[in-house]
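K.L.:
Build me a model from this:
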Amino acid sequence: MEFALLHLLFLMNAFDLTTENSIPFYRFRVNSVERCPMNASEFDTSARRRNCTGNDRYLCAPDRNLSSLIEFCTDTSRSLFGKGNCLRLEGTGNLNHYNCVERFVSGCPTEPYTDDEIYKYPACLELDLDFHCFVAEKNCQKRLLTTTDKYFNDSKDGKAKPETFDGSIKLQLVIVFLYGFLCVAILTGSVAIYIYKRKEYKKGNIG
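P.N.:
Numbers count the residues shown, from 1 in each chain. Below is the predicted model:
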């Protein structure tokens with residue numbers, strides 16, 4: 001019984017870590033957020049909340065796939081980024097340039113900035129999560145318009161397709177399902193073992 005409960009607690013902890021840090025392969029823990037700080041005051045507030053320790057410091061940026069905004073405590077020193085570049089967290093956890101001069105309609109950085117001042121250029125922190133691109137990107141808008149037109153055209157012809165889920169959402173749904181199934185199986189097995197032992201114990205006392 002105790003082993004089953006410990007096993008359940010282990011699974012719950014693993015599930016929490018998986019859902020909280022759903023972006024794999026970074027060398028440090030990252031959290032998905034709806035928005036990054038958009039000014040110095042918000043940045044300081046978020047940094048205090050995150051409470052990075054030691055030599056680590058708070059940052060918020062797009063992930064490598066432009067599929068999520070993430071906040072994290074980086075172990076790297078303050079970095080300078082050149083004008084004409086946004087940034088994203090690539091590799092195992094390094095911020096790299098994302099050239100936006102030819103890609104963005106507007107909002108591309110016009111002056112050099114440090115990684116903890118990215119909030120000065122909001123366009124670098126606004127993502128289209130459906131198409132995995134910056135909202136300010138020309139191609140992102142084209143994809144959106146093309147997809148919207150196709151949807152309405154298909155709707156008129158009676159060929160509209162149901163909405164599909166992003167891969168990360170599918171993964172989380174699978175994890176939730178497996179987590180629930182394992183919890184039920186473990187609890188059911190634990191109860192059955194407990195009842196069986198109780199019966200055996202009573203038989204032994206009667207005998």
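K.L.:
Quick check: chain neighbours aside, which residue is closest to Ile118?
P.N.:
With Cβ to Cβ, 6 or more residues apart in numbering as the measure, Cys124 is the residue that lies nearest to Ile118, at 5.7 Å, once sequence neighbours are left out. No exception for glycine: its C-beta is placed from N, CA and C like everyone else's.
K.L.:
Correction: the previous question concerned Cys140.
P.N.:
Once flanking residues are discounted, Cys140 sits nearest to Cys133: 3.7 Å by Cβ to Cβ, 6+ apart.
K.L.:
Next, the one you found: phi, psi?
P.N.:
Dihedral angles phi and psi of Cys133 (degrees, to the nearest 10) take the values phi -160, psi 160.
K.L.:
what do you get for His97?
P.N.:
Note on His97: backbone dihedrals following degrees, to the nearest 10 are phi -70, psi 150.
K.L.:
I'd assumed Gly82 was in contact with it.
P.N.:
Yes - proximity of His97 to Gly82 meets the contact threshold set by Cβ atoms under 8 Å, at 7.1 Å.
K.L.:
Could you report the separation of the residue nearest to Cys140 from Glu71?
P.N.:
Using Cβ to Cβ, to the nearest Å, Cys133 is found at 20 Å from Glu71.
K.L.:
now Gly84
P.N.:
Between Gly84 and Glu71 the computed distance is 25 Å (Cβ to Cβ).
K.L.:
which of the two has more neighbours?
P.N.:
Set side by side, Gly84 and Glu71 give different neighbour counts by other Cβ atoms under 10 Å, the larger being at Glu71 (20 against 16).
K.L.:
helix or strand for the closest residue in space to the more buried one that isn't next to it in sequence, which one?
P.N.:
With Cβ to Cβ, 6+ apart as the measure, Cys60 is the residue that lies nearest to Glu71, at 4.3 Å, once sequence neighbours are left out. In the assignment (DSSP states H and E), Cys60 maps to strand 57-62.
K.L.:
for Cys124, phi and psi?
P.N.:
Backbone dihedrals for Cys124, given as degrees, to the nearest 10, come out at phi -80, psi 0.
K.L.:
if we can go back for a sec, counting contacts, what elements does the strand holding Cys60 pack onto?
P.N.:
Using 3 or more Cβ pairs under 8 Å, 6 or more residues apart in numbering; DSSP states H and E as the contact criterion, the elements in contact with strand 57-62 are helix 40-50, strand 69-74, strand 85-90, strand 94-99.
K.L.:
So Ala40 is in contact with Ala47, correct?
P.N.:
No - using Cβ under 8 Å, Ala40 makes no contact with Ala47, being 10.4 Å away.
K.L.:
The two: who's more crowded?
P.N.:
Using other Cβ under 10 Å, the more surrounded residue of Ala40 and Ala47 is Ala47, with 18 against 12.
K.L.:
Count the residues that sit near the residue nearest to Cys140.
P.N.:
A total of 20 residues lie near Cys133 under the criterion other Cβ under 10 Å.
K.L.:
and it, what is it in contact with?
P.N.:
With Cβ atoms under 8 Å, 6 or more residues apart in numbering as the criterion, the residues that contact Cys133 are 66, 127, 139-140, 143.
K.L.:
Repeat the analysis, applying 7 Å as the threshold.
P.N.:
The neighbours of Cys133, taking Cβ atoms under 7 Å, 6 or more residues apart in numbering as the test, are 66, 139-140.
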